[in-house]
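Have a look; sequence and predicted model below, questions after that.
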Amino acid sequence: MKDYLLISNTKENKISDFYLDLVTSHVEKSTNEKVSFKELSPRKAYEWGLDPKKYDTKLKNIMSDFQSNYEIDCNFIKTTEKRKKKLLLADMDSTIIKEESLDELAKQIGKEKEVKFITNEAMNGRLDFKKALIERVAILKGNSTDILETLKKNVKINDGARELVKTMNVNGSITVLVSGGFTFLTEYLKDILNFTYTHANTLQIVERETKKFEISGKVEEPILDKNAKLEYLNGYVKKFNLNHKETICVGDGANDIEMVKFAGIGVSFYGKTALNRVADIHFNNTNLLGLLYAQGYSDSDIIN
């Protein structure tokens, strides 16, 4: 069974023959044998099959330097018998969408600065997620639910998200959007992107005598946090009679650590340091198509 070295960059599509020759040279020196690469996407993604017994930490260190010098993501992927995963769990904020949804709601009411600070602390693991969520939602108290609709209209879906979900769905995988954010947005994204399931927190909404709907400033229990994300992972593994090796999970912050840690492939997508420490692979120059390339999909396999 092979491991794989994946190099990818979808920011600039800059992987030239020079880079391919350089990587091939490093791999051949490490393994002491001739190797060839497979093109997954022209100028964007390539992989080398590796015998797990024939490469060492020296090659990993060289590729780490290569990544730093050329801003091309380099990931070593340990594969199981079934490389294409049967279950995807994806975080929402700053992963499937570009925005942190609570920060964007706060921006609409002129409270972005204080909410963004709390978000940052929580995503870097310096503040308990549940406490941070309650504090940020309280700042929204008394505002019209119109701000929720405005966010839905303006939200930006990250490049590769549509293709990721669609391709995995077509290949028989279960796709799950699991977020510490809110159901008003996850349900909206479920309809657009066709996730099989979604899970998130629920904002408490109150109706005033004027028939206006307002945000109460509270979150309905139970609150979904990092432990809940792992519980959903375990629950779906059990429900569909899978094992954890058949799963891929992706996120960007400390709230995603537990599900990423226990996934078959745990992905940090432009992630915070706390998540990077536990993730199997990291994308900092590659969009969400990287999750498909990591499973061995090439452009000809990807459903647009």
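Now that the structure is in, tell me what you want to look at.

hey, which helix or strand in the chain has the poorest pLDDT?
helix 112-123 (a mean of 91; mean pLDDT, DSSP states H and E).

what's next to it, contact-wise?
94, 100, 102-103, 105-106, 127-129, 132-133, 135-136, 139, 252-255, 272 (C-beta atoms under 8 Å, 6 or more residues apart in numbering). Where you see a C-beta, it was placed from the backbone N, CA and C, and this is true even at glycine.

list the buried ones in the helix or strand hosting residue 27?
Counting by DSSP states H and E, the element that carries residue 27 is helix 17-31. Across helix 17-31, burial judged by 16 or more other C-beta atoms under 10 Å covers 19, 20, 23, 24, 26, 27, 30, 31.

Just give me the longest strand of this protein.
strand 197-207 (DSSP state E).

Can you name the next helix or strand after it?
strand 213-220.

Run the chain-centre distance for that following strand.
Centroid separation for strand 213-220 versus its chain: 28 Å, with C-alpha atoms, centre = their mean, to the nearest Å.

again with stretch 243-257
8 Å.

end-to-end on that stretch?
Stretch 243-257 has an end-to-end distance of 19 Å (C-alpha to C-alpha, to the nearest Å).

do stretch 184-201 as well
Using C-alpha to C-alpha, first and last residues of stretch 184-201 are 9 Å apart.

Quick check: buried residues in it?
184-186, 188-190, 193, 195-196, 198-201.

Show me where the chain dips below the pLDDT cut-off.
Applying pLDDT under 70 to the chain flags the ranges 211.

Quick one: the strands in it, in order.
Under DSSP E, the chain gives strands at 3-8, 37-41, 45-50, 73-78, 87-90, 174-182, 197-207, 213-220, 247-251, 265-269, 281-283.

got a list of what the nearest residue to residue 179 once chain neighbours are set aside touches?
For residue 179, ignoring the flanking residues on the chain, the nearest one in space by C-beta to C-beta, 6 or more residues apart in numbering is residue 92 at 3.7 Å. By C-beta under 8 Å, 6+ apart, the residues touching residue 92 are 101, 177, 178, 179, 181, 185, 186, 189, 200.

how much space between the last one and residue 294?
For residue 200, the distance to residue 294 equals 25 Å [C-beta to C-beta, to the nearest Å].

How far does the least confident helix or strand of the chain sit from its chain's centre?
Centroid separation for helix 112-123 versus its chain: 20 Å, with C-alpha atoms, centre = their mean.

can you count the residues close to the residue nearest to residue 243 when sequence neighbours are not counted?
Leaving aside its sequence neighbours, residue 243 sits nearest to residue 237 (C-beta to C-beta, 6+ apart; 6.6 Å). Using other C-beta atoms under 10 Å, residue 237 has 22 neighbouring residues.

Residue 237 against residue 247, yeah?
Yes - applying C-beta atoms under 8 Å as the test, residue 237 and residue 247 come out as touching, 6.6 Å apart.

shared neighbours of those two, anything?
Residues touching both residue 237 and residue 247 (C-beta under 8 Å, 6+ apart): residue 87.

which residues does residue 198 contact?
Residue 198 touches 176, 177, 178, 179, 183, 186, 187, 189, 190, counting by C-beta under 8 Å, 6+ apart.

how many neighbours does the closest residue to residue 156 other than its chain neighbours have?
Spatial nearest neighbour of residue 156, excluding adjacent residues (C-beta to C-beta, 6+ apart): residue 98 at 4.3 Å. As a burial measure, residue 98 scores 14 neighbours (other C-beta under 10 Å).

distance of residue 98 from residue 185?
Separation of residue 98 from residue 185 (C-beta to C-beta) stands at 13 Å.

One more: residue 283?
Taking C-beta to C-beta, one finds residue 283 at 23 Å from residue 185.

what does residue 161 give?
Residue 161 is 14 Å from residue 185, by C-beta to C-beta.
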